[in-house]
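S.K.: 3D model of this:
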Amino acid sequence: MKKPKKAELSDEQKVKNKELSKVRVRVEHGIRKVKGLRIVRDEYRMPLGLFTSVSSAVVGLIQFASIVG
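M.R.: Numbering: from 1, shown residues only. This is a model prediction of the structure:
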């Protein structure tokens, strides 16, 4: 939530903002990792029918790496 002008957020609103922020950071880091593997940034040269499988494999590897450490 955005803080209203000349007012403060309630404690409940601050807690919700922190929870949302934690989720947002994880999503943004995931997007950064996918872009780092250049699957989204560069021209895709494989058959178009394989794009879903390749991108799913990349996301799976990213998730596996975050679990394993």
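S.K.: and the helix or strand hosting Lys33, which residues are buried?
M.R.: Element membership of Lys33, judged by DSSP states H and E, is helix 11-36. Of all the residues in helix 11-36, those buried under the rule 16 or more other Cβ atoms under 10 Å are 33-34. In short, each C-beta sits where N, CA and C put it, glycine included.
S.K.: That helix: how far from the chain's middle?
M.R.: 8 Å (Cα atoms, centre = their mean, to the nearest Å).
S.K.: pLDDT averaged over that helix - what is it?
M.R.: For helix 11-36, mean pLDDT is 86.
S.K.: and the nearest residue to Tyr44 once chain neighbours are set aside, what helix or strand is that in?
M.R.: Spatial nearest neighbour of Tyr44, excluding adjacent residues (Cβ to Cβ, 6 or more residues apart in numbering): Phe51 at 6.1 Å. Assigned by DSSP H and E, Phe51 falls within helix 51-68.
S.K.: for that helix, packing partners?
M.R.: Counting contacts by 3 or more Cβ pairs under 8 Å, 6 or more residues apart in numbering; DSSP states H and E, helix 51-68 packs against helix 11-36.
S.K.: tilt between the helix it packs on and helix 51-68?
M.R.: Here helix 11-36 runs at an angle of 120 degrees relative to helix 51-68 (axes from the mean of the first three to the mean of the last three Cα atoms, to 10 degrees).
S.K.: so what does helix 11-36 touch, helix or strand wise?
M.R.: Checking 3+ Cβ pairs under 8 Å, 6+ apart, helix 11-36 ends up next to helix 51-68.
S.K.: Can you point out the buried residues in the helix it packs on?
M.R.: For helix 51-68, a neighbour-count test (16+ other Cβ under 10 Å) marks 58, 62 as buried.
S.K.: Use 19 as the first number for this chain going forward.
M.R.: Sure, I'll start numbering at 19, so the last one becomes helix 69-86.
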